[in-house]
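*Asks:* no sequence on hand, only this structure:
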């Protein structure tokens, strides 16, 4: 970014006789003459009445602005779009979720660059919004940091703690299976989500919040502090103060988010058992920083990182438990020398933060000598069905299903599969293949939480597997393998699968095999034609031909 007179970008609009008109417009916003000499700090605010994880962000934006003013800066808040994946789940709206990540990055870049602002605080919380903000921050390399809005408190019903996925999405399958009646279903719907915050388990939103902290781009404890807490408000105010300090010190995010920092984030991801969506988002964020991060890096680090936490969806602990047990600093303390020492936006290094941390519950965050599993939460598979790779949240797969072979039931798009599941047409021993849901084929690479939740809720989680070129919610559990690359729309082997074909899943061996002779697949390929595009106008039609494959982060390229 071009620097104005005086060394800050904002001086392009505030200094010089020729900027009289610029200054007049700034005065129209309420600025006094003395304010023109202060650092201008952008607050990219994704608050929204539509997204439970974001309904409280306007209050946090106020705290950030107070912190900026306290440190001697001027805060300028502007809006950023946000989509709730849970509300968008299970219908065509989910196609817009992942593509919105690119829009968010472009929106933040456009506003901040157009107004020549000096620093940036990204106020975010949910699935695509956080990675989109990170992409913008690292693309511009402008001094700044991230404030994530925090997890939702657990719900309560019949004196049992509840969360969105197990107690609302999976309740659909339980109702269809006759386990609960309509009255109980309604009670679960009303109690699962008691208020503001990102959904209570280690789903994508909370995973990305934790990894933002692990990257060093948010203040310690930000990733897990509850949305409704005074602690979160204090952290927001401190972030405003810190943003001004970063501008004055000239500390830029790329000096913090180095390759070592990304490796730390992946290790923390593996240790806590995070969402498979991080394999998309961290790759895309790293690309903006000029860093190459590949699927094989996730698998390499997973093999040498013990899983120390057992959070929902795979376990029974919640985000609030992780926070009270010590949060990400305590996880970093447990990991010790497995992590690189690296700087953070707080001014303290990773090692210093870890040394000061305490572990308050040794079962929520176990020692590396007694982990929940010897490997991390995510495994990367490859084979004849996924030459470019595929990902699975192995921490959420039962021991029984870590090796599985079954016959394919093929569905073109999620809706067809969901109808078959709810109609009880899916039998034990099946491998559901849902294709044409990849970044290009969807377009938009929809999550399959509705389908996976129905499978688990109907008692098929230990007898049915699901593979797709789409992706899964961080709330997915069971043998669900996504991100299959190449995708069906690109002519990947998943496009050639037929009903009855045998598919072998071997998570320990990292293999995903379509057990069909190569000669037969070659014969099928000669007659293969891609499915007609699902969307032919609007944003998604423009997005589809430009988006890369899942194994490279599903990023938009010219």
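*Replies:* Here it is on my side, so go on. Computed from a predicted model, the values in this text were never measured in an experiment. Numbers count the residues shown, from 1 in each chain.
*Asks:* which helix or strand in the chain has the lowest average pLDDT?
*Replies:* Least confident element among the helices and strands of the chain, by mean pLDDT, DSSP states H and E: helix 449-457 (a mean of 89).
*Asks:* and the residue positioned nearest the centre of the chain, what does it touch?
*Replies:* For the chain, residue 204 is the residue whose C-alpha lies nearest the centre (C-alpha atoms, centre = their mean; 3.9 Å). Residue 204 makes contact with 85, 127, 275, 277, 278, 473, 474 under the criterion C-beta atoms under 8 Å, 6 or more residues apart in numbering. Just so you know, the C-beta spots here come from the backbone N, C-alpha and C atoms, and that holds for glycine as well.
*Asks:* and the residues you listed, which two are furthest apart?
*Replies:* Spatial extent of these (C-beta to C-beta) is set by the pair 85 and 278 at 14.5 Å.
*Asks:* that older thread, and for the least confident helix or strand of the chain, what are the contacting residues?
*Replies:* Contacts of helix 449-457 (C-beta under 8 Å, 6+ apart): 85-86, 89-90, 165, 169-177, 179, 414, 417-418, 421-422, 426, 432, 434, 461, 464, 466, 472-473, 475-478, 480.
*Asks:* among these, name the ones in helices.
*Replies:* Counted as lying in helices by DSSP state H, out of these, are 85-86, 170-176, 414, 417-418, 421-422.
*Asks:* and of the residues you listed, the nearest to residue 351?
*Replies:* residue 85 (34.9 Å).
*Asks:* ok, and the closest non-adjacent residue to that closest one?
*Replies:* Excluding the flanking residues, the one nearest residue 85 by C-beta to C-beta, 6 or more residues apart in numbering is residue 127, at 4.8 Å.
*Asks:* just checking, that neighbour touches residue 205?
*Replies:* Yes. Using C-beta atoms under 8 Å, residue 127 is in contact with residue 205, at 5.1 Å.
*Asks:* find residues that contact each of these two.
*Replies:* Residues touching both residue 127 and residue 205 (C-beta under 8 Å, 6+ apart) are 85, 474.
*Asks:* just to revisit the earlier point, nearest to residue 213, of the ones in helices among the contacts of helix 449-457?
*Replies:* Comparing those against residue 213 with C-beta to C-beta places residue 85 closest, at 20.9 Å.
*Asks:* just confirm residue 213 is within a helix.
*Replies:* Yes. Judged by DSSP: H, G, I helix; E, B strand; the rest coil, residue 213 forms part of a helix.
*Asks:* next, count neighbours for residue 459.
*Replies:* When neighbours are defined as other C-beta atoms under 10 Å, residue 459 has 14 of them.
*Asks:* check which helix or strand covers it.
*Replies:* Assigned by DSSP states H and E, residue 459 falls within no helix or strand.
*Asks:* pLDDT at it, what is it?
*Replies:* Looking at residue 459, its pLDDT reads 92.
*Asks:* residues touching it, list them.
*Replies:* Neighbouring residues of residue 459 by C-beta under 8 Å, 6+ apart: 173, 177.
*Asks:* check the gap between it and residue 59 for me.
*Replies:* According to C-beta to C-beta, to the nearest Å, residue 459 and residue 59 sit 42 Å apart.
*Asks:* now swap in residue 39 and tell me
*Replies:* Relative to residue 59, residue 39 is positioned 23 Å away (C-beta to C-beta).
*Asks:* for those two, indicate the residue with more neighbours.
*Replies:* For residue 39 and residue 59, the more surrounded residue by other C-beta under 10 Å is residue 39, and the numbers stand at 23 against 14.
*Asks:* before we move on, back to that, contact partners for the residue lying closest to the residue nearest to the centre of the chain once chain neighbours are set aside?
*Replies:* Closest residue in space to residue 204, ignoring its immediate chain neighbours: residue 474 at 3.7 Å, by C-beta to C-beta, 6+ apart. By C-beta under 8 Å, 6+ apart, residue 474 lies in contact with 127, 201-207, 274-277, 313, 393.
*Asks:* ok, 7 Å please
*Replies:* 202, 203, 204, 207, 275, 277 (C-beta atoms under 7 Å, 6 or more residues apart in numbering).
*Asks:* cool, and residue 96?
*Replies:* 83, 88, 444, 540.
*Asks:* got the phi and psi for the third one?
*Replies:* Listed backbone geometry of residue 444 is phi 110, psi -10, with angles given as degrees, to the nearest 10.
*Asks:* any idea how far it is from residue 495?
*Replies:* As judged by C-beta to C-beta, residue 444 and residue 495 stand 18 Å apart.
*Asks:* between those two, point out the one with more neighbours.
*Replies:* Legend: neighbour count by other C-beta under 10 Å for residue 444 and residue 495, higher for residue 444 (29 against 21).
*Asks:* and residue 260, how far from residue 218?
*Replies:* Residue 260 is 17 Å from residue 218, by C-beta to C-beta.
*Asks:* neighbour count winner among the two?
*Replies:* residue 218 (29 against 16).
*Asks:* quick check: the more buried one is in a strand.
*Replies:* No. Residue 218 sits outside any strand when classified using three-state DSSP, being coil.
*Asks:* surely it touches residue 145?
*Replies:* Yes. Between residue 218 and residue 145 there is a contact at 5.9 Å, judged by C-beta atoms under 7 Å.
*Asks:* can you list residues touching both of these two?
*Replies:* residue 345.
*Asks:* would you tell me which helix is longest in the chain?
*Replies:* Longest helix in the chain, counting by DSSP H: helix 230-249.
*Asks:* so which bits of that one are buried?
*Replies:* 232-233, 235-248 (16 or more other C-beta atoms under 10 Å).
*Asks:* ok, now stretch 180-197?
*Replies:* 180, 187, 188, 191, 192, 193, 194, 196, 197.
*Asks:* mind putting those into a markdown table with pLDDT and distance to residue 362?
*Replies:* Converted to a markdown table, the buried residues of stretch 180-197 look like this (pLDDT from 0 to 100; distance: C-beta to C-beta, whole Å):
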| residue | pLDDT | distance to residue 362 |
| --- | --- | --- |
| 180 | 96 | 35 |
| 187 | 97 | 35 |
| 188 | 97 | 32 |
| 191 | 97 | 30 |
| 192 | 96 | 29 |
| 193 | 97 | 30 |
| 194 | 97 | 28 |
| 196 | 98 | 30 |
| 197 | 98 | 26 |
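*Asks:* between those residues, which is nearest residue 400?
*Replies:* For those, the nearest to residue 400 is residue 180 (24.8 Å; C-beta to C-beta).
*Asks:* right, and that closest one touches residue 172 too?
*Replies:* No. Here residue 180 does not reach residue 172: they are 10.0 Å apart, not a contact under C-beta under 7 Å.
*Asks:* start to end distance for stretch 351-364?
*Replies:* One end of stretch 351-364 sits 21 Å from the other (C-alpha to C-alpha, to the nearest Å).
*Asks:* residue 216 contacts residue 344, doesn't it?
*Replies:* Yes. With contacts counted by C-beta under 7 Å, residue 216 reaches residue 344, the gap being 3.4 Å.
*Asks:* looking at these two, which is more packed in?
*Replies:* Set residue 216 next to residue 344 and count neighbours by other C-beta under 10 Å: residue 216 wins out with 27 against 23.
*Asks:* got the buried residues of stretch 180-197 as a markdown table, with secondary structure columns?
*Replies:* Listed next are those as a markdown table, based on three-state DSSP:
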| residue | secondary structure |
| --- | --- |
| 180 | coil |
| 187 | helix |
| 188 | helix |
| 191 | helix |
| 192 | coil |
| 193 | coil |
| 194 | coil |
| 196 | coil |
| 197 | coil |
